[in-house]
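Undergrad: Starting from these lines, generate the structure:
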Amino acid sequence: MTIPGAAAAYIDSASGKMLEDLTHLVAIPTGGGLVSGLEECRGVLVERLRTLGGPETSVQLIPGDERPEWIDHRDRRPLATRDAPPATAVVRAAGTGGRVLLCGHVDTVHDPEGPFRRLEVDPSGEVARGPGAADMKGGILVAVVALEALAHAGVRGPWTFVLNSDEETGSYGSDRALRAVAAEVGIVAGLVFEPALPDGSLVVERPGSGQFVIDAVGKSAHVGRDIASGRNAITLLSRAVLEISAQSDAPAGKIVNVGVIRGGSATNIVPDAARAWGNVRFGTPRAERELSAALDALSRSGPEGELIVRRSFARPAKPRTPGVESLALLARRAAEELEQALPFGTTGGVCDGNNLQSSGIPVIDTLGVRGGGLHTTDEWIEVRSLAQRAKLTASLLVKIWSGDLGSGPRGANGRTPG
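TA: Got it, this is the predicted structure:
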């Protein structure tokens, strides 16, 4: 079953309005942890979803969790603070068929006080540039319009829409909510609206990601008068950095990168403290275990000083499971029926799709707009992809609700817990 004609016509007629709506969403600053902007943007979207879902639609706000205090290597204090991290909004609508989980994040990486604040359309009308236009306010809009088009056509399947506000900083505050919602009974598939690859490719697998910090503790001393009593923390840390960096083996799915180091205060003082922050990527659970063990093994205490390692592997690897394969192929069939190409691709990046799939449901996570320049002041989208991806999403939803994804425990093709 493909997208109903009335739904396709609705999207065609709404294409101009989609660009207007995106202009409004992009103009709401949601970078830098700006609480007022995050809440405003989330509120606009939640109200729109509540309206289209009908009288049985429910809205839940799940409180956020704190990030580990050691994660940040620079001051990330939000421009407007509050006692708790941003909440995650969960909107649930009733219908017939397997329940589909749709997910998007409203936060961006862009400075709300910087010069890159508005959506601007090129004179050709084919490309628009703005903060979060692709990553991922354009994608969220694609999903919302797809649901609106199907409701207009009288097609109402069950869906759950999750909107979080901290994906760009690792989803530490929303991770618990993401996994819990994905584990709810009845959900058969997850759709995340991160931007497609520039050629429109659908990402079907991702590595996992983790953060770590290494603290070296030495003993301070004057270099000229008392060097023998000193314990150089920078020297100790340097050896640890070399040791863990040797674990990198990209062909084996293991990447280690130490990106920031701090220590010392003057060249004539033996430094008593030094710290290094790093990131790891792992393609398989085995690679994750090996990197975890290697980091844990760095912690030690001896004559040269002490090494203390802390780590957080918050995003599990997202493999191409049989369930993911079936969901991706169903999306490709939906695209081909719309005369759209949908190649498959991979990326070294991570997203909330990693967290959702760890609860066992099959997830595809690049159903958003075509674009590029992510995390730069040249972030852009292909304007026509707004309507095209909305049609693709609507068609895919109809197929899932019609049972085309298959039936099995907790949904399509079984579950593969991460």
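Undergrad: immediately after the longest helix seen in the chain, which helix or strand?
TA: Ranked by residue count under DSSP state H, the longest helix found in the chain is helix 5-27. Downstream of helix 5-27, the first helix or strand assigned by DSSP states H and E is helix 35-53.
Undergrad: For that next one, name the packing helices and strands.
TA: Helix 35-53 is packed against helix 5-27, strand 88-93, helix 138-152, strand 159-164, with contacts defined by 3 or more Cβ pairs under 8 Å, 6 or more residues apart in numbering; DSSP states H and E. Just so you know, the C-beta spots here come from the backbone N, C-alpha and C atoms, and that holds for glycine as well.
Undergrad: closest to G348 out of those?
TA: Comparison of the helices and strands packed on helix 35-53 against G348 by Cβ to Cβ identifies helix 138-152 as nearest, at 19.6 Å.
Undergrad: and the longest helix of the chain, which residues are buried?
TA: The neighbour-count check on helix 5-27 (16 or more other Cβ atoms under 10 Å) flags A7, A8, Y10, I11, A14, M18, L19, D21, L22, T23, L25, V26 as buried.
Undergrad: from what I can see the fourth one touches A394, true?
TA: Just to be clear, that refers to I11. Yes: counting by Cβ atoms under 8 Å, I11 does reach A394; the two are 7.0 Å apart.
Undergrad: what residues are shared contacts of the two?
TA: A146, A149 (Cβ atoms under 8 Å, 6 or more residues apart in numbering).
Undergrad: mind giving me TSV with the helices and strands packed on helix 35-53 and columns for mean pLDDT and distance to L102?
TA: As requested, these are exported to TSV (pLDDT from 0 to 100; distance: least, Cβ to Cβ, whole Å):
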stretch	mean pLDDT	distance to L102
helix 5-27	97	16
strand 88-93	98	9
helix 138-152	98	5
strand 159-164	98	5
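Undergrad: closest to G373 out of those?
TA: Using Cβ to Cβ, the nearest of the helices and strands packed on helix 35-53 to G373 is helix 138-152, at 12.6 Å.
Undergrad: Skipping its backbone neighbours, what lies nearest R156 in space?
TA: G95 (4.2 Å; Cβ to Cβ, 6 or more residues apart in numbering).
Undergrad: show me what contacts that neighbour?
TA: G95 touches R156, G157, P158, W159, W401, counting by Cβ under 8 Å, 6+ apart.
Undergrad: top of these by neighbour count?
TA: Ranked by neighbour count under the definition other Cβ atoms under 10 Å, those are headed by W159 with 26 neighbours.
Undergrad: sorry, back to before: show me what the longest helix of the chain is packed against.
TA: By 3+ Cβ pairs under 8 Å, 6+ apart, helix 5-27 packs against helix 35-53, helix 138-152, helix 385-401.
Undergrad: returning to what we had before: how about the buried residues of helix 5-27 in a markdown table, adding distance to I381?
TA: Output for the buried residues of helix 5-27, formatted as a markdown table (distance: Cβ to Cβ, whole Å):
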| residue | distance to I381 |
| --- | --- |
| A7 | 22 |
| A8 | 21 |
| Y10 | 21 |
| I11 | 16 |
| A14 | 16 |
| M18 | 11 |
| L19 | 10 |
| D21 | 13 |
| L22 | 8 |
| T23 | 12 |
| L25 | 12 |
| V26 | 10 |
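Undergrad: So, low pLDDT: which residues of the protein?
TA: For the chain, applying pLDDT under 70 flags the ranges 75-84, 407-418.
Undergrad: Touching, P85 and E66? I think so.
TA: Yes: counting by Cβ under 8 Å, E66 is a contact partner of P85 at 6.1 Å.
Undergrad: the more surrounded of these two?
TA: A count of neighbours by other Cβ under 10 Å puts P85 above the other of P85 and E66, at 20 against 9.
Undergrad: OK, contacts around the closest residue to that one other than its chain neighbours?
TA: Leaving aside its chain neighbours, P85 sits nearest to G64 (3.1 Å; criterion: Cβ to Cβ, 6+ apart). G64 is in contact with A84, P85, P86, A87, T88, S165, D166, G173, S174, A177, counting by Cβ under 8 Å, 6+ apart.
Undergrad: Identify those among the residues you listed that sit within strands.
TA: Applying DSSP state E to those, the entries found in strands are T88.
Undergrad: quick one, helices of this structure?
TA: Going by DSSP H, the chain shows helices at 5-27, 35-53, 138-152, 175-182, 223-226, 233-245, 285-298, 322-337, 352-357, 385-401.
Undergrad: can you redo those helices as CSV with distance to V363?
TA: Below are the helices of the chain laid out as CSV (distance: least, Cβ to Cβ, whole Å):
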stretch, distance to V363
helix 5-27, 24
helix 35-53, 20
helix 138-152, 14
helix 175-182, 8
helix 223-226, 55
helix 233-245, 30
helix 285-298, 17
helix 322-337, 7
helix 352-357, 4
helix 385-401, 13
